[in-house]
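Visitor: Generate a structure from the sequence data that follows.
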Amino acid sequence: MRRLLVVLVLLSLGASLAYGLDGALRLSSAPANVMAEPVSLAPRHTAVPAPIGSVTLNRRSHRLDVAARAVTDVATGRGVLTVTVEGDDDSERYRLDRTAAGLTLTAAGEAGAVAGLYAIADRIRSGRPVTTGTVTPRTGLRLTDAGSVGRDDDPAGWRSGTDYSLNSDIVTGALLPRAPWVDPAAVDRVAAQFRQFIDHSAAQGYNGVVVPGFLEYVTFDGHGVYPAGDPHVDRARAMVAAFAPVFRYAAQMGMRVYYMTDMLALSGPLDAYLKKQDDQWAIYQAGLRELFASMPFASGLMIRVGEGGSAYQAAGWDYFSRIAVTTPDQVRAMLRAFLAVAAETGKDIIFRTWTVGVGAVGDLHTNPDAYEEVLGDVRDPHLIVSTKFTLGDFYSHLPLNTTLEVGEQRRIVEFQGRREFEGFGSLPNDLTALHAAALRQLLARNPHIEGVWLWTQDGGPLRAGPRTLYLRTGFWQLYDLNAYAMGRLARDPGADPGEITADWVRQMFSEDPATIAAICRMFALSREAVTKGLYLTPYADHSVKALGLEPPPMMWIFEWDIVTGDSSVLSSIYALTRGHVDEAVAEGERAVEVAREQHAAVTATDPVNWRDPDLRAEVLASLDYQNDLYATLGAYRAMFLRRAQWLDTGSATAREQWQAASAEYERARDRYVRGWGGDPGLPAYNFEAADLGSQRFDRDPAMAILARVLLGLLLVSMLVPWPPLRALWRAALMPWRAPAPQTPTRTARWVAILFPAAVLLLSREIHTWFAAPSHLLVTLGCWAVFALVARWLVRGRDPYALWTVIGGVALLRSVVLLAVLAVRGPGYYWFQFWTDPTARSAYVTVAFAAFAWLFVATGSVLRAHYGWSRRRVAGAVVLTAGAPVLTVGALLWSAGLERALSTWNDQMALLPWGLHRILGIVTFLEIPPALPLWLTTLGAALTVLGLLTLRLGRPGEAAA
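Guide: Purely as a prediction, here's the structure:
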């Protein structure tokens with residue numbers, strides 16, 4: 001009865017572990033209310049001649065002159081546009097009237113006059129009639145990022161294709177390691193690029209720019225952050241002197257300038273200073289006051305708290321960020337501190353709700369309840385809250401962000417023109433209709449939305465994608481469409497998206513109506529190609545949660561350009577695609593068909609009707625690239641879905657389809673990589689992770705056969721009446737009846753050691769596809785440490801009984817593992833782990849009980865055959881448990897936690913291969929960096945406790 005109770009206790013512990021594992025994994029899914037993908041294709045129209053030929057101004061300024069020149073550069077008529085600026089009002093409202101001489105534009109200030117001039121220039125370039133009446137832009141704040149300003153365009157930076165740095169500084173290329181700290185020639189280059197970008201953005205209708213930077217311009221003079229002679233001070237002053245005039249140009253053009261920083265923003269000395277302070281925000285307030293004093297043209301500061309770390313740090317740069325504002329109270333304290341400075345100076349604080357699952361505010365971006373909890377009572381006229389329009393990152397197949405419908409704060413909506421997860425602008429991707437529909441809905445639902453923020457270049461790593469720098473390098477024109485369109489939509493959300501695309505095509509590519517129609521047709525198909533070629537709809541149309549995070553709707557490409565091959569993602573995708581595999585495979589094929597339709601539409605156009613034949617060649621190259629990419633991805637999706645279908649069902653048909661798709665994938669991948677692998681403008685996606693996973697999963701049939709053979713041998717060994725084998729199984733199940741120490745032969749002794757060791761080795765090799773030595777090192781190493789410590793405990797005595805117990809339990813535990821592997825290999829094991837909570841819980845319960853039985857059995861044999869007291873047995877169990885923990889902790893400590901986990905994950909293909917290379921497994925999964933120290937300390941404590949307990953137990957104590 002007592003032994004049965006022990007077994008029940010062990011099973012209960014296993015069930016508790018399984019329950020805890022379910023809670024830790026937090027795997028769930030539900031259908032998502034995905035935004036519809038509207039398509040808008042404008043009818044052909046006959047261009048209207050320009051009604052004017054000249055412009056007269058009653059007031060002159062740089063920004064008025066630039067705006068007037070935008071009109072005269074395209075004006076070919078005879079009329080005169082008379083511009084009257086009546087005062088100094090900041091309103092962008094203006095009125096257009098027709099006169100006998102031409103047109104009059106009347107505005108209460110320069111802002112309105114400039115807005116009207118750019119609108120007229122755009123209508124003329126688009127071949128549209130200039131309409132009269134009063135115009136007021138619908139949104140008052142229309143921000144852009146800083147484009148490609150200051151970004152290094154050296155081709156060597158793109159050569160590897162694996163630089164996933166997320167640093168977005170635009171001035172570090174102009175810095176020197178010592179006084180005078182700043183290179184004047186480099187500053188001039190940055191200034192020229194900035195002026196070009198500001199002029200372009202202003203012409204598109206934007207009235208604000210967000211510039212990276214904050215701490216690097218601050219000295220904290222008088223606050224003791226930097227000691228006397230610290231180079232941070234002189235460098236900051238030099239940077240202000242150099243770059244304040246650069247960024248002031250935007251203000252001179254009537255654009256608001258917002259600086260942008262992560263919080264906490266740190267330097268080495270500031271980090272040390274803050275550790276001694278009770279109120280960290282006081283020093284940041286001082287820094288913000290200094291920034292606004294040295295850059296008085298600035299309109300405010302933009303803050304993000306949801307990302308940070310080494311991936312965002314510029315090489316050789318002593319400024320970095322840390323995710324440290326992770327609770328509602330911390331967010332509110334930070335905002336109130338900065339808003340106090342904003343009130344003093346008449347500036348704004350823009351707070352981004354973007355958080356990536358870190359801390360108690362991890363779902364601030366996607367959860368209206370969390371938004372209300374954090375920001376509900378933070379009401380300040382100087383606060384603007386900025387939020388992405390999607391319920392997640394800038395992916396397709398996502399709902400509209402419901403957090404934009406709540407709150408009383410001033411709001412702006414974030415959009416991305418160069419979609420980072422959809423080829424970084426290398427693929428045709430007309431977002432105009434989608435953005436228009438989203439903006440209209442949001443403006444209707446929340447009266448506090450007053451603007452937009454469109455990213456032209458930013459988002460994701462600069463050098464992991466194509467070498468395109470907005471307005472400067474590569475085929476940037478392809479995503480300029482989305483920047484142009486948002487400039488139009490933000491002023492007039494009711495504008496027809498098809499007409500906006502047609503107007504941009506006319507301005508960028510051709511004035512020929514047939515050519516415009518063909519290109520617009522190509523763009524109208526672009527969203528179907530993207531949403532089918534890069535996504536698997538049955539998965540993408542679900543909201544999925546895992547490990548407390550919200551995986552994006554793409555996932556099989558993690559992230560940006562890494563096609564993943566891990567079991568967790570691919571199994572989860574299949575689980576939601578189960579029953580729709582044929583449709584998911586057909587979608588990949590449809591993406592290729594659409595890509596060919598797009599290519600045919602452009603191929604049919606005559607090069608002579610293009611403004612620049614080279615642009616036609618660029619469009620066709622992009623379409624060729626798209627076709628090859630979707631063909632490769634389509635073959636890969638068919639391969640892994642059919643493979644998962646075989647793992648799920650064991651269907652011979654699915655296996656045949658998997659093998660056929662695998663051959664097609666290899667052909668398509670080789671063709672695609674050969675064609676595009678060396679092209680910096682259109683670089684091939686990274687299939688290394690996909691191939692690593694496939695190399696393992698392709699072995700599943702063979703591993704299943706090996707597992708069946710080994711399992712069969714073990715089952716037969718239970719029945720063979722050979723004493724050495726019977727001794728092992730009897731000791732495993734009834735350790736108190738292990739053979740007496742004086743009975744074994746030499747053969748029996750070797751069988752007790754070598755047979756279990758061989759089974760352990762071979763079963764774990766099968767479990768890891770013979771491809772994960774790090775996993776073997778840890779698992780077999782722990783068994784070895786346990787056995788050696790146990791052998792040391794019975795030194796001077798015959799260890800045979802002990803060996804039979806340890807070896808027998810090892811066989812028993814291997815049977816549990818092999819029973820699963822024998823079904824369809826390790827892939828089936830992990831497929832069930834990720835997709836079947838019942839099967840996972842049942843296995844974990846039994847497997848843990850079998851593992852824990854090792855300690856019970858060891859204690860039992862020490863009591864029954866070696867006459868140990870309960871106290872000494874307890875000490876032995878604690879010691880044998882502590883020594884492996886100590887070993888693992890020391891191993892992780894010496895190798896480094898991130899490195900150790902990454903090596904193990906690469907070999908086991910469990911989590912996305914890109915996780916370590918981009919975000920870091922430790923950081924992203926919130927694994928405590930001190931885990932190796934904790935394990936080492938725990939192992940050492942258990943080891944010492946076990947030794948002390950053993951010393952307290954006397955050999956002569958009764959065994960009762």
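
Visitor: For the rest of this, base every contact and every neighbour count on C-alpha atoms.
Guide: Will do.

Visitor: Would you mind finding the longest helix in the chain?
Guide: The residue-count maximum for a helix in the chain (DSSP state H) belongs to helix 613-649.

Visitor: residues in contact with the residue nearest the centre of the chain?
Guide: In the chain, the residue lying closest to the centroid (Cα atoms, centre = their mean) is Glu559, at 5.8 Å. Counting by Cα atoms under 8 Å, 6 or more residues apart in numbering, Glu559 makes contact with Phe421, Gly914, Ile918.

Visitor: now, among the residues you listed, which is nearest to His448?
Guide: His448 lies nearest to Phe421 out of the contacts of Glu559, by Cα to Cα, at 29.5 Å.

Visitor: if we can go back for a sec, would you mark the buried spots in the longest helix of the chain?
Guide: Using 16 or more other Cα atoms under 10 Å as the test for burial, helix 613-649 gives 615-616, 618-648.

Visitor: same question, stretch 294-301
Guide: Ser294, Met295, Phe297, Ala298, Ser299, Gly300, Leu301.

Visitor: likewise stretch 431-450?
Guide: 431-439, 442-443, 446, 448-450.

Visitor: With stretch 68-84 instead?
Guide: 68-72, 74-75, 79-84.

Visitor: residues in contact with the lowest-mean-pLDDT helix or strand in the chain?
Guide: Ranking every helix and strand in the chain by mean pLDDT, DSSP states H and E puts helix 921-924 at the bottom, with a mean of 78. Residues outside helix 921-924 that contact it (Cα under 8 Å, 6+ apart): Leu897, Glu898, Leu901, Ser902, Leu915, Ile927, Pro928, Pro929.

Visitor: What strand or helix carries the fourth one?
Guide: Following DSSP states H and E, the helix or strand that holds Ser902 is helix 897-908.

Visitor: Just name whatever secondary elements that helix is in contact with.
Guide: Secondary-structure packing of helix 897-908 (3 or more Cα pairs under 8 Å, 6 or more residues apart in numbering; DSSP states H and E): helix 773-793, helix 921-924.

Visitor: And for the following helix or strand past it, what's in contact with it?
Guide: As assigned by DSSP H and E, the chain's next helix or strand after helix 897-908 is helix 914. Applying Cα under 8 Å, 6+ apart, the contact partners of helix 914 are Phe558, Glu559, Ile562, Thr564, Ala689.

Visitor: Could you do stretch 648-659 as well?
Guide: Ala638, Met639, Phe640, Leu641, Arg642, Arg643, Gln645, Trp646, Arg824, Tyr828, Phe831.

Visitor: quick one: which two of these are the most distant?
Guide: Ala638 and Arg824 (19.3 Å).

Visitor: pLDDT below threshold where in this structure?
Guide: 1, 310-311, 313, 356-359, 740-743, 953-960 (pLDDT under 70).

Visitor: Break down the stretch 801-950 of the chain into its helices, ranges please.
Guide: For the stretch 801-950 of the chain, the helices defined by DSSP state H, counting those that start in this stretch occupy 826-835, 837-866, 870-895, 897-908, 914, 921-924, 931-952.

Visitor: distance between the fourth one and the chain's centre?
Guide: This means helix 897-908. What separates the centre of helix 897-908 from the centre of its chain is 19 Å, taken as Cα atoms, centre = their mean, to the nearest Å.

Visitor: now do the shortest one
Guide: Centroid separation between helix 914 and its chain, computed with Cα atoms, centre = their mean, is 9 Å.

Visitor: cool, and the third one?
Guide: Taking the mean C-alpha point of helix 870-895 and that of its whole chain, the gap between them comes to 38 Å (Cα atoms, centre = their mean).

Visitor: quick revisit: so which of the contacts of Glu559 comes closest to Ala15?
Guide: Among these, and counting by Cα to Cα, the member closest to Ala15 is Gly914, at 32.7 Å.

Visitor: okay, now the closest one: neighbour count?
Guide: A count of nearby residues for Gly914, using other Cα atoms under 10 Å, gives 22.

Visitor: Kindly provide the distance from it to Asn686.
Guide: Applying Cα to Cα, to the nearest Å, the value for Gly914 to Asn686 is 10 Å.

Visitor: Show me whatever sits in contact with both of these two.
Guide: Joint contacts of Gly914 and Asn686 (Cα under 8 Å, 6+ apart) are Ile562.

Visitor: The host helix or strand of Leu576 - contacts with which helices or strands?
Guide: Using DSSP H and E, Leu576 maps to helix 567-577. With contacts taken as 3+ Cα pairs under 8 Å, 6+ apart, helix 567-577 sits against helix 537-540, helix 613-649, helix 826-835.

Visitor: Turn these into JSON lines, including distance to Ala251.
Guide: Output for those, formatted as JSON lines (distance: least, Cα to Cα, whole Å):
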{"stretch": "helix 537-540", "distance to Ala251": "42"}
{"stretch": "helix 613-649", "distance to Ala251": "33"}
{"stretch": "helix 826-835", "distance to Ala251": "54"}
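
Visitor: Of all the ones you listed, which one comes closest to Arg527?
Guide: helix 613-649 (12.5 Å).

Visitor: Flag every buried residue along whichever helix or strand comes after that closest one.
Guide: Next in sequence after helix 613-649, counting helices and strands by DSSP H and E, comes helix 652-676. With burial defined by 16+ other Cα under 10 Å, the residues of helix 652-676 counted as buried are 654-655, 657-659, 661-662, 664-665, 668-669, 672-673, 676.

Visitor: After helix 652-676, which helix or strand is next?
Guide: Following helix 652-676 toward the C-terminus (DSSP H and E): helix 688-697.

Visitor: and the helix or strand following that following helix with helix 652-676, angle?
Guide: Following helix 688-697 in sequence order, the next helix or strand is helix 700-719 (DSSP H and E). Orientation check (axes from the mean of the first three to the mean of the last three Cα atoms, to 10 degrees): helix 700-719 against helix 652-676 gives 140 degrees.

Visitor: pretty sure Glu405 contacts Asn446?
Guide: Yes: judged on Cα atoms under 8 Å, Glu405 makes contact with Asn446 at a distance of 5.3 Å.

Visitor: thinking again about what came up before, which one of the helices and strands packed on helix 897-908 lies closest to Leu714?
Guide: Per Cα to Cα, nearest to Leu714 of those: helix 773-793, 19.0 Å.

Visitor: Now find how far off-centre the closest one is within its chain.
Guide: 37 Å.

Visitor: Also stretch 111-118?
Guide: 40 Å.

Visitor: now do stretch 522-530
Guide: For stretch 522-530, the distance to the chain centre is 24 Å (Cα atoms, centre = their mean).

Visitor: and what of stretch 910-926?
Guide: For stretch 910-926, the distance to the chain centre is 10 Å (Cα atoms, centre = their mean).

Visitor: Which residue comes closest to Glu307 once chain neighbours are left out?
Guide: Using Cα to Cα, 6 or more residues apart in numbering and skipping residues adjacent in sequence, the residue nearest Glu307 is Ile323, 6.2 Å away.

Visitor: coming back round to it: I'd like the buried residues of helix 652-676 written out as a markdown table, with distance to Met508 added.
Guide: Converted to a markdown table, the buried residues of helix 652-676 look like this (distance: Cα to Cα, whole Å):
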| residue | distance to Met508 |
| --- | --- |
| Ala654 | 48 |
| Arg655 | 50 |
| Gln657 | 45 |
| Trp658 | 45 |
| Gln659 | 46 |
| Ala661 | 41 |
| Ser662 | 42 |
| Glu664 | 39 |
| Tyr665 | 37 |
| Ala668 | 34 |
| Arg669 | 34 |
| Tyr672 | 29 |
| Val673 | 31 |
| Trp676 | 26 |
